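# Sharing a model prediction with you, sequence too.
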Amino acid sequence: MARRTADNADEGNKRATVKEVAARAGVSTATVSRVLGGTYPVAAATRIRVQRALTELDYVVNANARALGNATSNTVAFIVNDVTGPFFAHIAQGVEQQATAEGRLCLVCTTHSAPDRELAVINLMREQRAEAVILVGGAVRTPQYTEHMVKLARSLDAEGSRLVLCGRPSLGPGIPETVVQYDNEGGAFAMTSYLLSLGHERIALLGVEPTTTATERVAGYRRALDSRGLPFDPDLVIPGHYDRESGYETTHELLAKGTEFTAVFAVTDMIAAGVLKALRKAGIRVPQDVSVVGYDDIPLATDLLPELTTVHVPHEELGRAAVRLALNRDTTPVQHLTMGTHVVVRDSAGPPGTWRPGATQ
């Protein structure tokens with residue numbers, strides 16, 4: 001699995017030292033050692049500075065592992081924001097199944113949506129010589145974050161490993177990466193178009209986070225409105241988080257403001273669960289008064305009352321494909337794969353009713 005180019009090899013001979021990392025972070029070498037060791041308390045702000053310096057200087061801790069050249073540890077690393085979310089859990093199941101089938105162990109790490117922690121975990125997996133490092137779910141893309149990720153992708157490739165983006169877009173052309181996506185924007189377009197076909201024109205989009213996932217879903221929502229010649233109303237796009245509590249709170253706020261809407265498109269099924277609870281408490285019937293739809297098609301969707309109309313995402317297939325492509329990249333030249341999504345029609349959406357904000361409080 002020799003993948004190091006001549007340029008990469010030259011860079012490998014110029015790896016940063018602990019002293020250089022300390023100088024970049026403005027701390028002592030002892031502090032850097034404490035952060036690397038993880039056995040001695042270090043202030044959070046100091047730890048972040050050191051981790052950032054490690055990333056910027058492309059520092060790899062394990063000298064013994066470096067001496068092994070491109071040898072890997074026959075492990076696959078699965079890095080996710082939160083393992084408790086059903087969306088992530090089902091992708092993780094696919095990753096674990098395929099890793100086992102390929103004779104590899106699977107390591108699971110969480111980042112809690114912190115970009116610095118994500119970068120630090122990727123570096124840790126480099127030290128552990130993971131054969132593939134799989135990042136799952138959307139990310140908050142900034143120029144600095146993208147620059148760091150590109151650097152890490154190239155470093156992993158030079159060391160015989162692979163960066164895998166699962167459910168998030170490519171870093172750009174020419175980057176050594178494996179990308180396994182689903183038609184995120186297309187799914188949002190199809191769902192919005194379905195609601196429009198029922199007669200809805202005032203569709204609230206709830207739970208929009210500043211991530212690549214939400215950005216693509218907003219794009220699909222806007223494209224569907226454009227296709228019908230309908231204006232985009234920013235007052236109908238409501239920020240939030242991908243959980244039940246956020247769905248409940250944002251729906252309550254939407255009702256309190258008196259914003260006119262006839263349907264709610266929740267960015268995730270977990271948000272939709274909170275929406276249904278808030279509407280039920282307000283005495284608003286679904287779908288007779290307000291239609292509610294979601295995105296992801298997690299098992300919970302069929303347990304809700306009414307059963308949730310949603311966009312199906314092939315979770316386990318995404319996880320399996322991410323591992324399969326990354327581990328067999330020498331014989332599988334196509335390393336960018338996009339899987340389809342589709343609308344699953346159940347009971348939570350129908351034609352617009354006669355209810356309007358203020359009619360029921």
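Looks like it arrived, so ask away. This one's a predicted model, so the numbers in the text were calculated from it and none came from an experiment. Numbers count the residues shown, from 1 in each chain.
# who's in contact with the one residue sitting closest to the centre of the chain?
For the chain, the residue nearest the mean C-alpha position is residue 137 (1.3 Å; C-alpha atoms, centre = their mean). For residue 137, the residues meeting the contact criterion (C-beta atoms under 8 Å, 6 or more residues apart in numbering) are 80, 81, 87, 88, 166, 167, 168, 211, 213. To be clear about C-beta, it is placed using only N, CA and C from the backbone, and glycine gets the same treatment.
# So which of those residues belong to strands?
When DSSP state E is applied, the contacts of residue 137 are split such that 80, 166 fall in strands.
# residues near residue 231, how many?
Applying other C-beta atoms under 10 Å, we find 7 residues neighbouring residue 231.
# what's the answer for residue 240, then?
Using other C-beta under 10 Å: residue 240 sits among 24 other residues.
# thinking it is in contact with residue 271, fair?
Yes. With contacts defined as C-beta atoms under 8 Å, residue 240 counts as touching residue 271 at a distance of 6.6 Å.
# Please name the nearest non-neighbouring residue to residue 274.
In this structure, residue 274 finds its nearest non-sequential neighbour in residue 247, 2.5 Å apart by C-beta to C-beta, 6 or more residues apart in numbering.
# What strand or helix carries that neighbour?
In this structure, residue 247 sits in helix 244-257 according to DSSP states H and E.
# packing partners for the helix or strand following that helix?
Remark: after helix 244-257, the chain's next helix or strand is strand 263-266, criterion DSSP H and E. In this structure, strand 263-266 packs against helix 184-198, strand 203-208, helix 269-281, strand 291-293, with contacts taken as 3 or more C-beta pairs under 8 Å, 6 or more residues apart in numbering; DSSP states H and E.
# so what does the shortest one touch, helix or strand wise?
Helices and strands touching strand 291-293, by 3+ C-beta pairs under 8 Å, 6+ apart, are helix 184-198, strand 263-266, helix 269-281.
# who's in contact with the next helix-or-strand element following that strand?
Sequence-wise, the next helix or strand downstream of strand 291-293 (DSSP H and E) is strand 310-312. Surrounding strand 310-312, the residues in contact under the criterion C-beta under 8 Å, 6+ apart are 187-188, 190-191, 269, 272, 293-297, 301, 341-344, 346.
# Repeat the analysis, applying 6 Å as the threshold.
In this structure, residues lying in contact with strand 310-312 by C-beta atoms under 6 Å, 6 or more residues apart in numbering are 187, 191, 269, 294, 295, 297, 301, 341, 342, 343, 344.
# Pick out the most distant pair among the residues you listed.
Within the contacts of strand 310-312, 269 and 342 form the most distant pair, 14.8 Å apart (C-beta to C-beta).
# could I have stretch 238-257 exported to CSV, CA atoms only?
Coordinates of the C-alpha atoms in stretch 238-257 are reproduced here as CSV (Å, rounded to 0.1, in the frame of the first residue of the first chain):
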residue,chain,number,x,y,z
ILE,A,238,-36.3,28.6,11.4
PRO,A,239,-32.8,27.9,13.0
GLY,A,240,-32.6,25.0,15.5
HIS,A,241,-30.8,21.8,16.5
TYR,A,242,-31.3,18.2,15.3
ASP,A,243,-33.2,17.0,18.3
ARG,A,244,-36.8,16.6,19.6
GLU,A,245,-36.5,19.4,22.1
SER,A,246,-35.5,21.9,19.4
GLY,A,247,-38.5,20.8,17.3
TYR,A,248,-40.8,21.4,20.2
GLU,A,249,-39.4,24.8,21.1
THR,A,250,-39.2,26.2,17.6
THR,A,251,-42.8,25.1,16.8
HIS,A,252,-43.9,26.8,20.0
GLU,A,253,-42.1,30.0,19.0
LEU,A,254,-43.5,29.8,15.5
LEU,A,255,-47.1,29.6,16.8
ALA,A,256,-46.4,32.4,19.3
LYS,A,257,-45.2,34.7,16.5
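# what are the ranges of the strands in the chain?
Under the criterion DSSP E, the chain carries strands at the ranges 75-80, 105-110, 132-136, 163-166, 177-182, 203-208, 237-239, 263-266, 291-293, 310-312, 336-339, 342-344.
# Please dump these into a markdown table; it should also carry distance to residue 277, mean neighbour count and mean pLDDT for every row.
Output for the strands of the chain, formatted as a markdown table (distance: least, C-beta to C-beta, whole Å; neighbours: other C-beta atoms under 10 Å; pLDDT from 0 to 100):
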| stretch | distance to residue 277 | mean neighbour count | mean pLDDT |
| --- | --- | --- | --- |
| strand 75-80 | 26 | 25 | 91 |
| strand 105-110 | 27 | 17 | 89 |
| strand 132-136 | 27 | 27 | 94 |
| strand 163-166 | 30 | 26 | 96 |
| strand 177-182 | 27 | 23 | 97 |
| strand 203-208 | 13 | 24 | 96 |
| strand 237-239 | 16 | 19 | 95 |
| strand 263-266 | 12 | 31 | 98 |
| strand 291-293 | 11 | 27 | 98 |
| strand 310-312 | 16 | 25 | 98 |
| strand 336-339 | 31 | 14 | 96 |
| strand 342-344 | 21 | 17 | 98 |
